[in-house]
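here is my input, please return the structure:
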Amino acid sequence: MRLLGAAHPGPALAVTVLAGLLAGAVGLGAGAVVLVVAAVLTGQLSIGWSNDLIDLPRDRAVGRTDKPLVSGEIGVRAIQVACGLALVATVPLSLALGWAAGLVQLLHVAAGWVYNLGAKATVLSWAPYAVAFGALPAFVSLAAGERPPVWFAVAGALLGVGAHVVNVLPDLADDEATGVRGLPHRLGPRWCPPVAVGVLVAAAVVVVLAAPVEPVGLAVATLAVTAVLAVAALATQGRTPFRIAVVMALVDVGVLVWSR
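Next up is the predicted model:
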């Protein structure tokens, strides 16, 4: 459990579940769905473990004892081995779904690593999230032998950027204290919530308009639920806005499943 605790299990599980739902939505068989889930999960685990390894000096500097590596509950070597194995495993698992799909999935994983390796501290911190979340639905579409529509990637990218902003919110002060100044840090705690919510709502609008969603009542209900969740995200603090962002993404995926 300590090993998984260092892999950012919440975000990793959320992205993996989204990938699995998308795989079912595009009509992949059970075996292919398992491959999609395995490829995404191993990639996400490698991203999560590498994040804690790379951030260890900064986390120690600000006393992040909630992290197993900082508290000493697990050693650096164990995380390094687990991270390496996950990264190696995600390559054949991704490519097993076809070269095009596999390369897009590996782009998804690479974007996460780029973020960890330094992009998070720049004004372009949002870009790896946009690429990763935009690549995810494209990967699933290609795995099903379909050409991914542009709006698929656009909606995914918007969800990624929104998730990035709300995920960073609780750590703004600690990050700035160690020299990390990504886009959310430059926006500040006042502007991050409305920007994140605006982007997440825009993702829902893209899905509803482009899917297209029928009947009209479902489209209206989707936008209404999205609006309620957006208000809830603005009214809450800590990790709750990120959890709400995940729910918003699940609503979008649910609409996609229905529309197909």
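
surely residue 175 meets residue 168?
Yes: shown here, residue 175 and residue 168 form a contact pair, counting by CB atoms under 8 Å, at 7.0 Å. For every residue, glycine as well, the C-beta is placed using N, CA and C.

what is in contact with those two at once?
182, 185 (CB atoms under 8 Å, 6 or more residues apart in numbering).

check what pLDDT the closest residue to residue 61 other than its chain neighbours gets.
Leaving aside its sequence neighbours, residue 61 sits nearest to residue 178 (CB to CB, 6 or more residues apart in numbering; 5.5 Å). Looking at residue 178, its pLDDT stands at 81.

so what does residue 178 look like in phi/psi?
phi -110, psi 20 (degrees, to the nearest 10).

residue 124 too?
Dihedral angles (degrees, to the nearest 10) for residue 124: phi -90, psi 20.

ok, it - contacts?
residue 183.

thinking again about what came up before, wait, the residue nearest to residue 61 sits on residue 60?
No: if you go by CB under 8 Å, residue 178 and residue 60 don't touch, sitting 9.7 Å apart.

name the single longest helix found in the protein.
Criterion DSSP state H: the longest helix present in the chain is helix 183-210.

show me what it is packed against.
Under the contact criterion of 3 or more CB pairs under 8 Å, 6 or more residues apart in numbering; DSSP states H and E, helix 183-210 touches helix 150-168, helix 172-177, helix 216-235, helix 240-259.

quick check: buried residues in it?
183-185, 187, 192-193, 195-197, 199-208, 210 (16 or more other CB atoms under 10 Å).

just stretch 216-232 next, same as before
Within stretch 216-232, judged by 16+ other CB under 10 Å, the buried ones are 218, 219, 222, 223, 225, 226, 229, 230, 232.

do stretch 3-13 as well
Within stretch 3-13, the residues scored as buried using 16+ other CB under 10 Å are 3, 4, 5, 6, 7, 8, 11, 12.

which residue is the nearest non-sequential neighbour of the fifth one?
With CB to CB, 6+ apart as the measure, residue 48 is the residue that lies nearest to residue 7, at 3.7 Å, once sequence neighbours are left out.

tally up the residues packed near that neighbour, please.
25 (other CB atoms under 10 Å).

ok, now which ones touch it?
Here residue 48 is in contact with 6, 7, 8, 9, 11, 12 (CB under 8 Å, 6+ apart).

in the helix or strand encompassing it, what counts as buried?
Secondary structure assignment for residue 48, by DSSP states H and E: helix 30-54. Neighbour counts over helix 30-54 (16+ other CB under 10 Å) mark 32-33, 35-52 as buried.

residues contacting residue 193?
166, 169, 233, 234, 241.

please tell me I have it right and the second one contacts residue 241.
Read that as residue 169. Yes: contact criterion CB under 8 Å: residue 169 and residue 241 qualify, at 6.2 Å.

joint contacts of the two?
With CB under 8 Å, 6+ apart as the test, residue 169 and residue 241 both reach 193, 196.

looking at those two, which one has more neighbours?
Of the pair residue 169 and residue 241, residue 241 is the one with more neighbours under other CB under 10 Å, namely 27 against 20.

so the more buried one touches residue 233, yeah?
Yes: contact criterion CB under 8 Å: residue 241 and residue 233 qualify, at 4.5 Å.
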